[in-house]
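Student: Structure of the sequence below:
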Amino acid sequence: MPSRRIQLVAATLTLMMPALAQASAPYYRFWQGWKLDTIENGAFLDGLNKTFIMSTVQTGSDKGLIAYLPFVMNLADKRPPELASVLPEEIALVVYRSQKEYKDLFATEEGKRYSALHWNYFERSKSKSLVPEAFPKGSQSAMGHAYDLLQSEADWQTGRPSVEGLASGGQVDAYLEALKSHSKRIGLDAAVVLIAEGYRLEYLLWSADRSVDKARAEIERLRTKYKVRREFFYANLRPSLQPQEEHVSWGEGITTIFKSIPK
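Tutor: Prediction:
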């Protein structure tokens, strides 16, 4: 007859197995929002702060949304002249536990109302949300696609996220491969990259126990090596426990910290 210790270990493993089976990379949506021409800049920013950002959190909280990282472009950043009129005014990495929970949410009346809310602020014909794809070894990046480079079970609630924009050029695919292969060494837990015409956007999640400055120095070396170092903005996203009390200005972003991860 098995000893009590063996029985307890077996019971513990049995309890753990469902959780392990459900562990997987989160489901990302990479949003790019171009402001309606009919809205003045000030009214657009007020709408994001007073209504839109908070509505995103309220709609998705406890319904699969596990991280939300909006960023508002700085209209006076160092963007190259050719990008002056092509960049979106707002971007966001929206993170759900699974694709199923995302679809279930947007099938509800609440989800449909939130979806329609976008068009109070953003140009419907240009604004879009992309689902990042895997980027296996030997891949070639494509314009208008986003990539989840590490396919990791990253926790965007505990790490330190940043976002940056870079002008196109250089050996982008070789750089993305190098970023993947060096990720553990430099403390990079997740990297979601969007390739657009003329520019590249990168959401990076750094391990909480690593020096971001040292890690960024490593990335800059990689960018120099592969000639992709043409950054025009960089921002660390500040944690926000109370999005309704936040004011996100031009060139700023937040990472919403849920008081408890939705179950």
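Student: these two touch, right, Gln140 and Gln171?
Tutor: No - using C-beta atoms under 8 Å, Gln140 makes no contact with Gln171, being 11.5 Å away. No exception for glycine: its C-beta is placed from N, CA and C like everyone else's.
Student: Between these two, which has more neighbouring residues?
Tutor: Neighbour count, other C-beta atoms under 10 Å: between Gln140 and Gln171, Gln171 has more, with 13 against 8.
Student: For the nearest residue to the more buried one once chain neighbours are set aside, the count of nearby residues, please.
Tutor: Closest residue to Gln171 apart from its sequence neighbours, by C-beta to C-beta, 6 or more residues apart in numbering: Tyr226 at 4.2 Å. If you count neighbours by other C-beta under 10 Å, Tyr226 ends up with 18.
Student: how far away is Tyr226 from Asp173?
Tutor: Taking C-beta to C-beta, to the nearest Å as the measure, Tyr226 falls 9 Å from Asp173.
Student: Phe52 too?
Tutor: Counting by C-beta to C-beta - Phe52 and Asp173 are separated by 35 Å.
Student: Neighbour count: the two, which is higher?
Tutor: More crowded of Phe52 and Asp173, by other C-beta under 10 Å: Phe52, with 21 against 16.
Student: dump the residue contacts of the residue nearest to Gln171.
Tutor: 170-172, 174-175, 178 (C-beta atoms under 8 Å, 6 or more residues apart in numbering).
Student: I'd like to know how far it sits from Tyr175.
Tutor: 4 Å.
Student: One more: Ile254?
Tutor: Ile254 is 28 Å from Tyr175, where distance means C-beta to C-beta.
Student: ok, the contacts of Tyr226 vs Arg113, which is closest?
Tutor: When those are compared for distance to Arg113 (C-beta to C-beta), Val172 wins out at 38.6 Å.
Student: most centrally placed residue in this protein?
Tutor: Centroid-nearest residue in the chain: Leu93, 2.9 Å away (criterion: C-alpha atoms, centre = their mean).
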